[in-house]
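Requesting a structural model of the entry that follows:
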Amino acid sequence: MKTADFFELRSILPEKTGTIVAIVGFFVLLSIWQAISMLGMIPRSLLPPLGAVFSSFKELHFEDALIRNALYSIKLNVLGYIEAIVISIPVGMAMGLFPVIRSATNAYIKALRFLPLAAVTGLFIAWFGIDDNMKIQFLAVSIIVYLIPVVIQRVDDVETVYLQTAHTMGASKLQTILYVFWPSIRSKIIDDIKVLVAISWTYITIAEALNMSAGGIGALAVKCGRQSRVDKVFAVLLVIILIGFIQDRLFYFIDKKVNPDRKSTRLNS
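Sure thing, here's the model as predicted:
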């Protein structure tokens, strides 16, 4: 196969078979997991066999309200996503477009990326209480501190030739923002959001563990771990992975609708 043919195949493969390949890959990983368990390479107390994990779903459903807890966590994450996106895009664009704003705030925004959010949960409790709002704010901030710098970088990446063309045609600053900057970064921002909102799922256990009485899939994982039910912990993790996969597909669908002419070249799209 010629090099050009290979890249042509690579460009059309994700759109036609990306989902199928991802599913097959997932089942390959499960097969490896089962093989390791059957061969006794890792103690079952650390890596339970797939049969035990799948059998635990019945108990999780009827005794631990798995679906209700999953829906609760999805609600928290979605509200956190929305808040983070609504704040990060205009703030990031303002910092990227206006040097005065960037000079005044850029150093502090960059510093926030190094903030250990898990270590400042006490502040979130003091500011927002112990209920859902605190968890939503915690998850939103976990995205915001990374998404704002990304938006700034996307603004910086807009090619100068487009700006010069807009200026030559007499476009105002507002027109340049609406018809040059935003169309140029929109699709890339969707990609960035797709990656960064997954961060909130890494923080969901921390957020929900602060008040486990409300439930949530992260709180459920902690509860199962304290009971030494490793099989149930792995079952919960599989549910989180499934939710993440569905979330990724939804963002891909949104991208296709918002940018119908875009031709994806990424294997994970």
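
Heading C-terminal from the helix or strand encompassing Ile109, find the next helix or strand.
With secondary structure defined by DSSP states H and E, Ile109 is part of helix 99-112. In the C-terminal direction, the helix or strand that comes right after helix 99-112 (DSSP H and E) is helix 121-128.

What residues sit buried inside stretch 69-82?
With burial defined by 16 or more other CB atoms under 10 Å, the residues of stretch 69-82 counted as buried are 69-70, 72-74, 76-77, 79-81. Yep, even glycine has a C-beta here, placed from its N, CA and C like the rest.

Contact partners for the residue nearest the centre of the chain?
The centroid of the chain falls nearest to Ala198 when counting by CA atoms, centre = their mean (1.9 Å). Listed by CB atoms under 8 Å, 6 or more residues apart in numbering, the contact partners of Ala198 are 244, 247.

likewise Ala166?
With contact set as CB under 8 Å, 6+ apart, Ala166 has these partners: 175-176, 179-180.

Now secondary structure too, for those residues, in CSV please.
Conversion of these to CSV gives the following (DSSP: H, G, I helix; E, B strand; the rest coil):
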residue, secondary structure
Gln175, helix
Thr176, helix
Tyr179, helix
Val180, helix
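
so which of the residues you listed comes closest to Asp157?
Val180 (12.6 Å; CB to CB).

I figured that closest one hits Ser172, correct?
No - with the criterion set as CB atoms under 8 Å, Val180 and Ser172 do not qualify as a contacting pair; they are 11.1 Å apart.

Give me the more crowded residue out of those two.
Here Val180 and Ser172 are compared on neighbour count by other CB atoms under 10 Å; more neighbours surround Val180, at 18 against 9.

mind listing what the more buried one touches?
For Val180, the contact set (CB under 8 Å, 6+ apart) comprises 158, 162-163, 166, 171.

nearest to Phe245, of these?
Val158 (31.9 Å).

From Lys188, how far off is the closest one?
Look at Val158 and Lys188: by CB to CB, to the nearest Å, they are 10 Å apart.

Just want to know which of the two has more residues nearby.
Of the pair Val158 and Lys188, Val158 is the one with more neighbours under other CB under 10 Å, namely 19 against 16.

In three-state terms, label that one for me.
Going by three-state DSSP: Val158 is coil.

picking that back up, can you go through the contacts of Ala166 and name the buried ones?
Listed as buried from those are 176, 180; burial here means 16+ other CB under 10 Å.

Just send the contacts of Ala166 back as JSON lines, with distance to Val91 and pLDDT too.
As requested, the contacts of Ala166 are arranged in JSON lines below (distance: CB to CB, whole Å; pLDDT from 0 to 100):
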{"residue": "Gln175", "distance to Val91": "21", "pLDDT": "83"}
{"residue": "Thr176", "distance to Val91": "19", "pLDDT": "84"}
{"residue": "Tyr179", "distance to Val91": "21", "pLDDT": "82"}
{"residue": "Val180", "distance to Val91": "20", "pLDDT": "84"}
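
Distance to Thr202 for the contacts of Ala166 - can I get that in a markdown table?
Formatted as a markdown table, the contacts of Ala166 follow (distance: CB to CB, whole Å):
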| residue | distance to Thr202 |
| --- | --- |
| Gln175 | 40 |
| Thr176 | 37 |
| Tyr179 | 37 |
| Val180 | 35 |
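
Pull the most distant pair out of the contacts of Ala166.
Greatest spatial distance among the contacts of Ala166 (CB to CB): Gln175 and Val180, at 7.9 Å.
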